[in-house]
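K.L.:
could you work out the structure for the sequence below:
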Amino acid sequence: MFADTNTPVLAPVSTNPAATSLLGTNIAAAAKPAGSNVVYVIPVREDIDKSLVYIVRRGVKEAIANGAHAIILDMDTNGGRGDSMEDIMELVGEFDGPTYTFINKKAYSAGAFISAATKHIYMSPGSVIGAAAPMLVGAGGEVEKTPDTVERKFVSAYAAKIRAAAQKNGHNAEVFEAMVNKVKGLKIGDQVIIKEGEILTLTNVEAEKEYGTPPKKLLSEGTVADINELVQKVGLTNVELHDVKPTGAEQVASWITAIAPLLLLLGMLGIYIEVKLQTFGLIGVLAILCFVVYFFGHYIAGLSGLEFLALFALGVILILIEVFAFPGTMLFGALGALFIIVSVLMAMVDRFPNGPVLPTLPQLEMPLMKFSIAIAGTLVGAIVLGKYLPRTALFNALVLHTASGGEITAPMADTKAESLVGATGTSTTPLRPAGKAMIGDRLMDVVTEGDHIPPNAPVKVVAVEGNRVVVTKA
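P.N.:
You can find the predicted model right below:
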């Protein structure tokens, strides 16, 4: 078990500048290709992180939705995060057709793991694969030393993962394990590929060399100059290659999804405050903005569709109807709350075009965890706000600002504030607790001590503190 501040990373981690795509102009990039002759080319470049997960997710889902014949991972990476690597391996496994890895230059570390998740591996001249030993990297990017027992468990777990992927896709599991576990070494028949105590790394020539009886290629099925040659070599004709290009928004999505519980917390707190005040103003606008950013991030990440944003908007409308048109009925409010909860949860569920309509329990585990964190934070925030914030001048000013539509005027410019205490009048709007009342011959912004007073009810001023006029039912 590792501390939360540590990030499992499959080393070495890239420090090189962004690699330029080698696909060139021979690849046709259709906006919405369709048909069995379409092959999706998904880039696995630079460091493997959450933003790359979103690119791969988008590519795999588009390939499934458009009935693509195959997927090719165009790989040139030094490795990266272990959790992102696992996500990409699972995403590739969702595609039922042929899957290929084209090692454009290098597939170190996490790149080697992802290669094992595809059914076929081809390499370019001079390319390399391997060096997949995992290590722990701290928040500052430094490699952390761990006890031998922890390291052995860590290596064993990742070795089992890459063996399982290799076995599932018809690769030699021992070859991939030798890239992870230096204790194993690799020997085929009488030939020693690598000695115990060393980590396996293969060039394209070494990877396609044949061993054993009958002879079988060690790892790579062949060396090809580019993806066009790969397609020809595997016998695909009249193929339309669709290049999945990074949009740059994937990094934004990774930031937004990382703070999803915070966005939900702030949004729900804002709705709570507006329902409590039975008004709609700046707080409500900010709450809705938090939810819009939340849905926007999950939409970019390839998790949420626009239909869930529409369902959320319908839920908000129903709650507003409950608050302003039919207070106390509970029907509209309950339906609105249900729509909001469903839309928020479904926005985090990773659903595929060919998958079931209703999410499975494993798909709901992470959304439920994040939503529970947000709910717990909202409850704590509501208790704190209910106890302390109404006593502050800032909150009173905000309440009056919301109730009056943006203007706060002095109680009575030509009258001393003290003379208002004891004055009576009539409420002209619902006071929940803020609103307006006619005190004498002046329409004023007032606030109760917490009680709700209906319109046209007699009221009495009990305190004046600056612009804060406190009334009670007379």
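K.L.:
spatially nearest residue to residue 332 (excluding sequence neighbours)?
P.N.:
residue 322 (3.9 Å; CB to CB, 6 or more residues apart in numbering). Just so you know, the C-beta spots here come from the backbone N, C-alpha and C atoms, and that holds for glycine as well.
K.L.:
surely the one you found is in contact with residue 333?
P.N.:
Yes. Judged on CB atoms under 8 Å, residue 322 makes contact with residue 333 at a distance of 3.7 Å.
K.L.:
roughly how far apart are the residue nearest to residue 332 and residue 315?
P.N.:
11 Å (CB to CB, to the nearest Å).
K.L.:
which neighbours do the two share?
P.N.:
Residues touching both residue 322 and residue 315 (CB atoms under 8 Å, 6 or more residues apart in numbering): residue 336.
K.L.:
any weak-confidence spans in the protein?
P.N.:
Scanning the chain for pLDDT under 70 picks out 1-36, 135-150, 275-280, 303-304, 323, 327-328, 386, 388-418, 466-467.
K.L.:
let's see that with 50 instead.
P.N.:
Counting by pLDDT under 50, the low-confidence segments of the chain come to 1-35, 400, 403-415.
K.L.:
which residues in it form helices?
P.N.:
In the chain, helices defined by DSSP state H lie at 50-65, 82-93, 110-116, 148-168, 173-180, 204-207, 227-233, 249-258, 260-277, 282-300, 306-324, 331-346, 361-387, 393-404, listed in chain order.
K.L.:
let me have those helices in JSON lines, extended by distance to residue 75.
P.N.:
Output for those, formatted as JSON lines (distance: least, CB to CB, whole Å):
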{"stretch": "helix 50-65", "distance to residue 75": "11"}
{"stretch": "helix 82-93", "distance to residue 75": "11"}
{"stretch": "helix 110-116", "distance to residue 75": "6"}
{"stretch": "helix 148-168", "distance to residue 75": "15"}
{"stretch": "helix 173-180", "distance to residue 75": "15"}
{"stretch": "helix 204-207", "distance to residue 75": "13"}
{"stretch": "helix 227-233", "distance to residue 75": "11"}
{"stretch": "helix 249-258", "distance to residue 75": "17"}
{"stretch": "helix 260-277", "distance to residue 75": "29"}
{"stretch": "helix 282-300", "distance to residue 75": "23"}
{"stretch": "helix 306-324", "distance to residue 75": "32"}
{"stretch": "helix 331-346", "distance to residue 75": "32"}
{"stretch": "helix 361-387", "distance to residue 75": "27"}
{"stretch": "helix 393-404", "distance to residue 75": "54"}
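K.L.:
could I get those as JSON lines with mean neighbour count and distance to residue 101?
P.N.:
Below are the helices of the chain laid out as JSON lines (neighbours: other CB atoms under 10 Å; distance: least, CB to CB, whole Å):
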{"stretch": "helix 50-65", "mean neighbour count": "22", "distance to residue 101": "12"}
{"stretch": "helix 82-93", "mean neighbour count": "22", "distance to residue 101": "9"}
{"stretch": "helix 110-116", "mean neighbour count": "30", "distance to residue 101": "4"}
{"stretch": "helix 148-168", "mean neighbour count": "16", "distance to residue 101": "12"}
{"stretch": "helix 173-180", "mean neighbour count": "24", "distance to residue 101": "12"}
{"stretch": "helix 204-207", "mean neighbour count": "19", "distance to residue 101": "11"}
{"stretch": "helix 227-233", "mean neighbour count": "18", "distance to residue 101": "10"}
{"stretch": "helix 249-258", "mean neighbour count": "18", "distance to residue 101": "21"}
{"stretch": "helix 260-277", "mean neighbour count": "21", "distance to residue 101": "31"}
{"stretch": "helix 282-300", "mean neighbour count": "19", "distance to residue 101": "26"}
{"stretch": "helix 306-324", "mean neighbour count": "18", "distance to residue 101": "33"}
{"stretch": "helix 331-346", "mean neighbour count": "18", "distance to residue 101": "32"}
{"stretch": "helix 361-387", "mean neighbour count": "14", "distance to residue 101": "26"}
{"stretch": "helix 393-404", "mean neighbour count": "18", "distance to residue 101": "57"}
